[in-house]
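Visitor: 3D, please:
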Amino acid sequence: MLTLRTQKAIALMQDIASRRGGSARETYRITPGEMEELLACLRTKGLILPGQPDGEKSANPADGYRLARPLREISLLDVLEALDEHLNCNRPTTEEFYFHYNRVAPKLGVVNHMTRLYLEEIKLSEC
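Guide: Sure, this is the predicted structure:
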C-alpha cells in the first residue's frame, strides 16, 4: 500500500503533466509546506524540472514545474526512491545484506530484485 505522501506526489506529478493547476492540492489537502517539500524531492531526483512551457505565472508552486520525462516513462519505483519512502527496495551491498540476514540473504535479495522490477514496470500514466 502506498503512503499518503506517495499518493500526493503522484497526484502532484499528474497535475504538472496535465496542467490541471491545483487538483492534487485540493483533493489531498496538500499544505504549502508539504508541496514545497514534495517538489524539492522530485526536483532533486530529476523527475521534475523548473520552468513552465508557456511562461505564465501562477499562485500554485507546482505550476512552475514541468516533468523531466513523460508520465509513461516515470515509474512508481522512481517516485518511491525520490521520496525515500518506506518500501525499502534499495540496493544494499552484499556485505550489509549478509551481515543482517545471514543465510536468508540470497532469498531476500531475489525478492528485493523482483520487487524493484515490478515497481519499475508500473508507470505513472497507469496510476
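Visitor: C-alpha only now, for contacts and for neighbours.
Guide: OK.
Visitor: Tell me which residues touch the residue nearest in space to the middle of the chain, please.
Guide: Compute the mean C-alpha point of the chain, and by C-alpha atoms, centre = their mean the closest residue is Val79, 1.5 Å away. By C-alpha atoms under 8 Å, 6 or more residues apart in numbering, the contact set of Val79 is Thr6, Ala9, Ile10, Leu42.
Visitor: That one: which element?
Guide: Remark: Val79 resides in helix 76-83, with elements defined by DSSP states H and E.
Visitor: now the helices: where do they sit in this structure?
Guide: Per DSSP state H, the chain carries helices over the ranges 4-18, 23-27, 32-44, 76-83, 94-101, 105-121.
Visitor: can you redo those helices as JSON lines with mean pLDDT?
Guide: Compiled in JSON lines, the helices of the chain are given as follows (pLDDT from 0 to 100):
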{"stretch": "helix 4-18", "mean pLDDT": "93"}
{"stretch": "helix 23-27", "mean pLDDT": "84"}
{"stretch": "helix 32-44", "mean pLDDT": "95"}
{"stretch": "helix 76-83", "mean pLDDT": "95"}
{"stretch": "helix 94-101", "mean pLDDT": "70"}
{"stretch": "helix 105-121", "mean pLDDT": "84"}
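Visitor: Out of the ones you listed, the one nearest Arg69 is which?
Guide: helix 4-18 (9.5 Å; C-alpha to C-alpha).
Visitor: Okay, buried residues for that closest one please.
Guide: Residues of helix 4-18 classed as buried: 5-17 (neighbour count, 16 or more other C-alpha atoms under 10 Å).
Visitor: Of all pairs in these, which one spans the longest distance?
Guide: Greatest spacing in the buried residues of helix 4-18, by C-alpha to C-alpha: Arg5 and Ala17 (18.4 Å).
Visitor: and the helix holding Val79, which residues are buried?
Guide: Leu76, Leu77, Asp78, Val79, Leu80, Glu81, Ala82, Leu83.
Visitor: That helix: how far from the chain's middle?
Guide: Chain-centre distance of helix 76-83: 4 Å, with C-alpha atoms, centre = their mean, to the nearest Å.
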